[in-house]
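Student: Sequence first, then the predicted structure, then my questions.
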Amino acid sequence: MQAMPIFKGLLAALAAMSSGVAVAQQPAPLMLFFDWGKPDIRSDDLAVLDQAVAAWRASPGSRLMLSGHTDRSGSTAINLRASRQRAEMVRGELEKRGVPADAIRIAAYGEERPLVPTEDGVREVQNRRVEIQVVP
């Protein structure tokens with residue numbers, strides 16, 4: 001039986017740990033959450049943007065990967081658009097804080113990768129998010 005893609009990295013890490021090889025840990029992504037139906041960054045998430053900029057500056061040559069996500073309360077097409085729009089809003093705020101556009105990448109996933117699995121049509125704030133990851 002072939003391992004699912006999500007578990008391949010975990011299996012490799014476990015194998016490396018058992019062999020005594022050090023495994024580099026990728027820090028957990030920073031997350032901004034959004035109100036239903038809105039692309040606006042909430043005031044309580046502004047500090048997350050500052051943390052992202054500081055992490056980027058601490059890793060010369062790195063990039064910021066923004067991953068937009070939504071809950072399952074709208075159509076697939078609308079949710080994909082909303083996830084991209086939210087990621088674009090975060091990109092704009094990061095650029096205002098000094099991160100150059102060419103150091104930022106965006107991916108929009110819509111409702112494909114929920115933090116909290118729900119039935120279709122359910123509003124879940126933890127799924128309406130943009131994740132920010134510093135990548136080499």
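Tutor: Done, it's in.

Student: Check which element follows the helix-or-strand element of the chain with minimal mean pLDDT along the chain.
Tutor: Here the helix or strand of the chain ranked lowest by mean pLDDT, DSSP states H and E is helix 5-18, holding a mean of 45. Sequence order places strand 30-33 as the next helix or strand after helix 5-18, per DSSP states H and E.

Student: Which other helices and strands does that next one contact?
Tutor: Here strand 30-33 touches helix 46-57, strand 129-135, going by 3 or more CB pairs under 8 Å, 6 or more residues apart in numbering; DSSP states H and E. For the C-beta atoms, the positions are set from N, CA and C on the backbone; glycine is no exception.

Student: Let's have these in a markdown table, adding distance to Leu94, mean neighbour count and mean pLDDT.
Tutor: Supplementary listing: the helices and strands packed on strand 30-33 in a markdown table, determined by distance: least, CB to CB, whole Å; neighbours: other CB atoms under 10 Å; pLDDT from 0 to 100:
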| stretch | distance to Leu94 | mean neighbour count | mean pLDDT |
| --- | --- | --- | --- |
| helix 46-57 | 6 | 16 | 97 |
| strand 129-135 | 8 | 21 | 98 |
